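Undergrad: curious how this folds, go ahead:
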Amino acid sequence: MNPPHVWHIELIKKSLKDNKYTLLFIWTKGKKDSKNPFWFDEIKYFLQLIFSSEIKNKLLIIDEIKDVSWDDIWVKNLFQKIKHNCFAKTSCSIPSPLGGGLGRGNRKFFNFLTLSNIKNIIFYGGDLKNDYAVLCIKKYISFFEWYKILFKELYRYKKVININWKKINISSTNLRKALNDSDSDVFSEMIDKRMLSEFLKLFS
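TA: Residues are numbered from 1 along each chain as shown. Model prediction:
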């Protein structure tokens, strides 16, 4: 998700539609390079332009997970991140349900979303057979203790874009190339229009 493209947005929308809460972990290397043109905070900012309401109401929580050299440590860190975010305190107005907006009443209550309230942990992806993160999770699935782990593959309804009679796969790799080449025909089709202007400001 560095940088995020239109299919990433659809994946997040799907998770939000299917589940009460969505935790989005963005993998980072802690540095910028040709394959990682944006910092975590910049990627989170782009997504806030689209999902501001869901983030405000704690329906979508975005966090960073840093790269490590060992797969088992990475999976352990992932589970700790899940537990940490599930214990995050959220607030809303009475009598609003969890996720309701603030400001409709003076009294507030605090709700703790904990793993004890969660039966399933679902990981979404576009290619479950080849996604390295998914393969690592499956290999060390025992780290998730007694929770039921599910995997859902989201079919890429729009896998390619057609530019000048040429089909180009929608991917972060091709998006980075288009940005580096200043190919606006390509990147304008791969980037959600709501984040495009801010995206180009930070990339330039």
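Undergrad: okay, stretch 47-59 in CSV with CA atoms only?
TA: What follows is stretch 47-59, C-alpha atoms only, in CSV (Å, rounded to 0.1, in the frame of the first residue of the first chain):
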residue,chain,number,x,y,z
LEU,A,47,-6.7,7.4,3.5
GLN,A,48,-8.2,9.9,5.9
LEU,A,49,-9.3,12.0,2.9
ILE,A,50,-11.6,9.1,2.0
PHE,A,51,-12.5,7.4,5.3
SER,A,52,-12.5,10.4,7.7
SER,A,53,-15.9,9.5,9.2
GLU,A,54,-15.1,5.8,9.7
ILE,A,55,-11.8,6.8,11.4
LYS,A,56,-13.4,9.4,13.6
ASN,A,57,-16.0,6.8,14.7
LYS,A,58,-13.4,4.1,15.4
LEU,A,59,-14.9,1.8,12.8
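Undergrad: list the buried residues for it?
TA: 47-48, 50-51, 54-55, 57-59 (16 or more other C-beta atoms under 10 Å). Backbone N, C-alpha and C define where each C-beta goes, glycine included.
Undergrad: ok, those residues vs Asn19, which is closest?
TA: Closest approach between the buried residues of stretch 47-59 and Asn19, by C-beta to C-beta: Leu59, at 8.9 Å.
Undergrad: now do the closest one, the pLDDT please.
TA: Leu59 carries a pLDDT value of 89.
Undergrad: and the gap between it and Trp27?
TA: 22 Å (C-beta to C-beta, to the nearest Å).
Undergrad: with Tyr140 instead?
TA: Counting by C-beta to C-beta - Tyr140 and Trp27 are separated by 16 Å.
Undergrad: nearest residue to Lys152 in space, please, no chain neighbours.
TA: Closest residue to Lys152 apart from its sequence neighbours, by C-beta to C-beta, 6 or more residues apart in numbering: Tyr124 at 5.2 Å.
Undergrad: check the closest residue in space to Ile50 that isn't next to it in sequence and give its pLDDT.
TA: Excluding the flanking residues, the one nearest Ile50 by C-beta to C-beta, 6+ apart is Arg194, at 5.3 Å. Here, the pLDDT recorded for Arg194 equals 90.
Undergrad: what does Ser197 give?
TA: pLDDT recorded at Ser197 is 86.
Undergrad: one more: Asp41?
TA: pLDDT for Asp41: 93.
Undergrad: in three-state terms, label it for me.
TA: Three-state assignment for Asp41 (DSSP: H, G, I helix; E, B strand; the rest coil): helix.
Undergrad: thinking again about what came up before, out of the buried residues of stretch 47-59, which is nearest to Ala133?
TA: For the buried residues of stretch 47-59, the nearest to Ala133 is Leu47 (18.3 Å; C-beta to C-beta).
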